[in-house]
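S.K.: build me a model:
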Amino acid sequence: MEGYRVKQYGEPVKRYCQTLDLRDNPELVAEYRRRHSRGEAWPEVIEGIRQVGILEMELYIIGTRLFMIVETPLDFDWDTAMARLATLPRQQEWEDYMSVLQMSAPGVTSAQKWRLMERMFYLYE
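M.R.: Next up is the predicted model:
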């Protein structure tokens, strides 16, 4: 494994980490991967993520466990951005479209189903 390249912004950023579980079904996991492949993720949803101030969003998977990294400017306010994101075009439709593959109920927002993780260790000086 060579690792993953990280974008440089020329200024400090904040990072949020979240987790969510998919349904334990290989076909559903494959479908989740397909829906997030290039050309399959809805452009309106990607644009909405950028509109609320998110600089980068990465999804990682092992088995049925998802891990998301979100990078934002230092002045980013998570609660305000997530509330705004939930109102943007097609966002709730996307959340419902994904919920059948996730361990979450239909009708919930991204902020309600993804659990923010607590950083408990870091190596930085």
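
S.K.: so which residues of this protein form helices?
M.R.: 26-35, 43-51, 78-85, 91-99, 110-113 (DSSP state H).

S.K.: output these as TSV; include the columns mean neighbour count and mean pLDDT.
M.R.: C-beta coordinates here come from the backbone N, C-alpha and C atoms, glycine included. Below are these laid out as TSV (neighbours: other CB atoms under 10 Å; pLDDT from 0 to 100):
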stretch	mean neighbour count	mean pLDDT
helix 26-35	13	98
helix 43-51	15	97
helix 78-85	14	97
helix 91-99	17	96
helix 110-113	17	94
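
S.K.: among these, which is nearest residue 10?
M.R.: Residue 10 sits nearest to helix 43-51 of all those, at 17.8 Å, using CB to CB.

S.K.: the closest one - contacts with which helices or strands?
M.R.: Counting by 3 or more CB pairs under 8 Å, 6 or more residues apart in numbering; DSSP states H and E, the packing neighbours recorded for helix 43-51 are helix 78-85, helix 91-99.

S.K.: by contact count, what packs against the last one?
M.R.: Contacts of helix 91-99 with other secondary structure elements, assessed using 3+ CB pairs under 8 Å, 6+ apart, are made with helix 26-35, helix 43-51, helix 110-113.

S.K.: looking at these, which is nearest to residue 1?
M.R.: Closest approach to residue 1 among these (CB to CB): helix 26-35, 18.4 Å.

S.K.: report the angle between the closest one and helix 91-99.
M.R.: Interaxial angle of helix 26-35 relative to helix 91-99 (axes from the mean of the first three to the mean of the last three CA atoms, to 10 degrees): 150 degrees.

S.K.: if we can go back for a sec, make TSV out of the helices and strands packed on helix 91-99 and add distance to residue 92.
M.R.: Shown next, in TSV, are the helices and strands packed on helix 91-99 (distance: least, CB to CB, whole Å):
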stretch	distance to residue 92
helix 26-35	16
helix 43-51	10
helix 110-113	9
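
S.K.: and residue 124, which of those is closest to it?
M.R.: With distances scored as CB to CB, the stretch of the helices and strands packed on helix 91-99 nearest to residue 124 is helix 43-51 (26.2 Å).

S.K.: how much space separates the residue nearest the centre of the chain from residue 31?
M.R.: With distances taken as CA atoms, centre = their mean, the chain has residue 68 as the residue nearest its mean C-alpha position (5.0 Å). As for residue 68, its distance to residue 31 is 18 Å (criterion: CB to CB, to the nearest Å).
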